[in-house]
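1. Structure, please.
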Amino acid sequence: MNLFFVLDKRLGIQLPDLKKEWEEYTDEEQQSILVTWEKIRGRIPDRIAEIETKINQKQSELGEENDFNRSCELNSEISELASMINDLWLWYRLNQTVTDKVHF
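-> Purely as a prediction, here's the structure:
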């Protein structure tokens, strides 16, 4: 099934990597893709929780940091982690519209 998914190292999950239009896949391929995506999608909230833990740690560190340059680095890291969470939520919500259109 990895033919249809590729690891996104930034987000830490596999994302769809479909090479043709959805309708060009067989019913069996579509079903397999959707089942695999649903498994991946189910792990997204856990991935978000992991990232939130990192954000909380960095915010605690930032609260204690006196070095301006390090404070800037921490703010940048927190911003990137927050961006990752936003992207993960977008991928999580994507499935809601896909499964509404595709019937098993």
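2. which residues of this protein score low on pLDDT?
-> Applying pLDDT under 70 to the chain flags residues 1-2, 95-104.
3. residue contacts, D17?
-> Counting by C-beta atoms under 8 Å, 6 or more residues apart in numbering, D17 makes contact with F4, F5, V6. Backbone N, C-alpha and C define where each C-beta goes, glycine included.
4. Now with 6 Å, please.
-> Contact analysis of D17 by C-beta atoms under 6 Å, 6 or more residues apart in numbering lists F5, V6.
5. and if you look at G12?
-> By C-beta under 6 Å, 6+ apart, G12 lies in contact with R47.
6. Give me the secondary structure label for N66.
-> At N66 the chain is in coil, as set by DSSP: H, G, I helix; E, B strand; the rest coil.
7. Centroid-nearest residue for the protein?
-> Centroid check for the chain by C-alpha atoms, centre = their mean gives L88 as the closest residue, at 3.2 Å.
8. what residues are up against that residue?
-> Per C-beta under 6 Å, 6+ apart, neighbours of L88: L11, I44, I48.
9. out of those residues, who's nearest E80?
-> Each of the contacts of L88 was checked against E80 using C-beta to C-beta; the closest is L11, at 11.5 Å.
10. Surely that closest one forms part of a strand?
-> No: assignment of L11 by three-state DSSP gives coil, placing it outside any strand.
11. can you pull the contacts of it?
-> Taking C-beta under 6 Å, 6+ apart as the criterion, L11 is in contact with M84, L88.
12. Got phi/psi on it?
-> Backbone torsions of L11, given as degrees, to the nearest 10, read phi -90, psi -20.
13. Next: Q31.
-> According to degrees, to the nearest 10, Q31 has phi -60, psi -40.
14. That one: neighbour count?
-> Here the number of neighbours of Q31 (other C-beta atoms under 10 Å) works out to 13.
15. now do the one 4 residues further on
-> Here the neighbour count serves as a burial measure; for V35 (other C-beta under 10 Å) it reads 11.
16. Thank you, goodbye.
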